[in-house]
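S.K.: 3D, please:
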Amino acid sequence: MIQNQIINGIKAGDTLALAKGITLVESQKPEHRKQAFELVSALYDHRKDSIRLGITGIPGVGKSTFIESLGTHITKQGLRLAVLAIDPSSSRTAGSILGDKTRMEELSRNEMAFIRPSPSSGTLGGVSARTRESMLMCEAAGYDVILIETVGVGQSETEVINITDTFIMLGMPGTGDELQGIKRGIMETADLIVINKADGDNVTPAKRAKSQIEMALHLFPAAESDWGPKVMLASGLHGNGVKECWNNLVDRQSTINNNGWLLQNRKRQQSRAFQRLAELSIYEQMMHQLNHQKELSLIQAELQSGEINEFEATLSLLQLIS
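M.R.: Now for the predicted structure:
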């Protein structure tokens, strides 16, 4: 009954039902996994064909300010926006601050916007293990644009490209980020590179950074999508260049839709998602069963006491499941 209420609520665009659905999807309790799969599956064919955006940048680059400025512009176009902000989880307590909503005060009050902070829960790649499922539910709730903000802690922030259509990287002048353009890493995967904080005394350094990155990008192979990467200047604080960024994003979406790359890429993403879901589900189910049988705790106890090493412990685990 509760499951049906959530499904009907999400279809009707109810943000409370959507929040409950995401909470269920993010739950790490084994008994919730089947319910979560059933929920997303029931909503799958009711999704809107949204624009899926990923955005990253080092701490201090102004992601929240830029997203709030871009998001406000998007909603002024009459489009509904969902922001899924991934916050880093503590490696010691597994807790997370989840402060993005408080940093986007104006956007959080916008009736056309939905902001959901979620913990990374130790998942590598800048997004959580359930971000794609949350995104699909946002589409079922009728949101036109889904923006996923990654943790933003380094060059491994590329997992988001496996669940979005366009990857935006924020940089800022004067930090040496422009020199990263000569490396094969996160910048190679970006479709739109935005030099943020290009205002006041930063304008000249920002222009220099833009030129250096554009030169470095010539060293990379041409994009499979036949669009980008492009480099732009913007100021999330003052709103400069935000409209132009959105226009580029709309142009890219139109291009990749017309040339067939969008459909092809989403099919690849769907296959990858199935593989990840299967691996994670099998792992969670196996660990739950081993914990229930107390076999895993026995192996861990032997490991902690020094009776066996980590390799012997793994061999014992493999014997249990073989």
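S.K.: Let's verify the closest residue in space to E244 that isn't next to it in sequence: helix, strand, or coil?
M.R.: Leaving aside its sequence neighbours, E244 sits nearest to M232 (CB to CB, 6 or more residues apart in numbering; 6.4 Å). (Glycine included, C-beta is placed from N, CA and C.) Secondary structure for M232, judged by DSSP: H, G, I helix; E, B strand; the rest coil, is strand.
S.K.: gap between M232 and S64?
M.R.: 19 Å (CB to CB, to the nearest Å).
S.K.: secondary structure element for the closest residue to G57 other than its chain neighbours?
M.R.: Spatially, and ignoring its direct neighbours in sequence, G57 is nearest to L170 (3.2 Å; CB to CB, 6+ apart). Element membership for L170 (DSSP states H and E) is strand 166-171.
S.K.: which helices and strands does the next helix-or-strand element following that strand pack with?
M.R.: Following strand 166-171 in sequence order, the next helix or strand is helix 186-189 (DSSP H and E). If you count contacts as 3 or more CB pairs under 8 Å, 6 or more residues apart in numbering; DSSP states H and E, helix 186-189 packs onto strand 166-171, helix 203-217.
S.K.: what mean pLDDT does helix 186-189 have?
M.R.: Mean pLDDT, computed over helix 186-189, is 78.
S.K.: Just give the strands next to the next helix-or-strand element following that helix in its sheet, each with its orientation.
M.R.: Using DSSP H and E, the helix or strand that follows helix 186-189 towards the C-terminus is strand 192-195. Here strand 192-195 is paired, per DSSP bridges, with strand 166-171 (parallel), strand 230-233 (parallel).
S.K.: Just give me how far strand 192-195 sits from the chain centre.
M.R.: Taking CA atoms, centre = their mean, to the nearest Å, one finds the center of strand 192-195 at 17 Å from the center of the full chain.
S.K.: per-residue confidence averaged over it?
M.R.: Averaged across strand 192-195, the pLDDT comes to 94.
S.K.: Can I get it as PDB, trimmed to CA atoms?
M.R.: What follows is strand 192-195 as a C-alpha-only set of coordinates in PDB (Å, rounded to 0.1, in the frame of the first residue of the first chain):
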ATOM      1  CA  LEU A 192      31.900  21.800 -21.400                       C
ATOM      2  CA  ILE A 193      34.600  23.400 -19.300                       C
ATOM      3  CA  VAL A 194      33.600  26.500 -17.500                       C
ATOM      4  CA  ILE A 195      36.100  28.800 -15.900                       C
END
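S.K.: hang on, isn't the residue nearest to E244 packed against I195?
M.R.: Yes: in this structure, M232 is within contact of I195 by CB atoms under 8 Å, at 7.1 Å.
S.K.: Who has more neighbours out of the two?
M.R.: Counted by other CB atoms under 10 Å, M232 and I195 do not tie: I195 has more neighbours, with 27 against 17.
S.K.: quick one: pLDDT of I22?
M.R.: You'll see I22 listed with a pLDDT of 95.
S.K.: and it, what element?
M.R.: In the assignment (DSSP H and E), I22 maps to helix 15-26.
S.K.: Outline the domain layout of the chain.
M.R.: What automatic domain parsing lists as the domains of the chain is 48-259, 271-321.
S.K.: Next, the distance between the ends of stretch 137-150.
M.R.: One end of stretch 137-150 to the other measures 18 Å (CA to CA, to the nearest Å).
S.K.: Now it: buried residues?
M.R.: Going by neighbour count (16 or more other CB atoms under 10 Å), the buried part of stretch 137-150 is 137-150.
S.K.: Can you give me the distance of R272 to V25?
M.R.: 18 Å.
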